[in-house]
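> Sharing a model prediction with you, sequence too.
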Amino acid sequence: MMQTARSLHYITEEEYLEMERSSEIKHEYYHGEIFAMSGASFKHNVIVSNIIGTLGNQLRKKPCHVLPSDMKLKVQGADRYVYPDIIVVCGEKKFFGDKEDVLMNATVIVEVLSDSTESYDRGDKFAYYRRLDGLKEYVLVLQKHKKLEKFLKDDRGYWHFFESDEDKNEMVLESIECLLHVDDVYEKVF
């Protein structure tokens, strides 16, 4: 999602959460500033819907949940709250505070790239995500053409890059034992 507006004064995390819980639009939070999130394109929403459906079907009998972009994620140590396009959380869910509206852990995060968010999603946002407890895979989905990219964290904590191409028309998500077929991800998009 695109960042569109900045706050004019510093607000605390508590003020942000109180405001966000009653707001009709989503805002991300970073070091006392809030950023209003703009709506996503039709292509973006179809891709997200396709991935949620595909992963949801594969995870039905597993201790995992596939969550859309309405779930806030708190990045510990970064003073940051974000709304990933898709979160998969397996096993124990860790929430911030006594409400279940701010998740603090994720197994897989998926972001659908747009012109306005691509450099942020690849750079600073991925750097923040790497601080999350339990994050094993970060998937980037291009909108301009059929291509998936994945960063996989190994047992030693190193991140490895994989991508789909003309010869490899699928992406295995090892941490959740799921498979994304490129044609399924982009069904009704191209």
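Right, received. Where do you want to start?
> ok, for the residue nearest the centre of the chain, nearest residue in space, not its chain neighbours?
With distances taken as Cα atoms, centre = their mean, the residue of the chain nearest its centroid is residue 84 (2.9 Å). Counting by Cβ to Cβ, 6 or more residues apart in numbering, residue 84 lies nearest to residue 109, which is 4.7 Å off, once chain neighbours are set aside. For every residue, glycine as well, the C-beta is placed using N, CA and C.
> and the one you found, that one's in a helix?
No. Under DSSP: H, G, I helix; E, B strand; the rest coil, residue 109 sits outside any helix and is assigned strand.
> State the distance from it to residue 12.
Distance of residue 109 to residue 12, given as Cβ to Cβ, to the nearest Å: 26 Å.
> in this structure, which spans are helices?
Assigned by DSSP state H, the chain shows helices spanning 13-22, 42-58, 118-122, 124-129, 182-185.
> Tabulate the ones you listed (a markdown table), appending mean neighbour count.
Converted to a markdown table, those look like this (neighbours: other Cβ atoms under 10 Å):
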| stretch | mean neighbour count |
| --- | --- |
| helix 13-22 | 14 |
| helix 42-58 | 17 |
| helix 118-122 | 16 |
| helix 124-129 | 16 |
| helix 182-185 | 17 |
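> Tell me which of those helices sits nearest to residue 96.
Nearest to residue 96 among the helices of the chain is helix 13-22; the distance by Cβ to Cβ comes to 8.3 Å.
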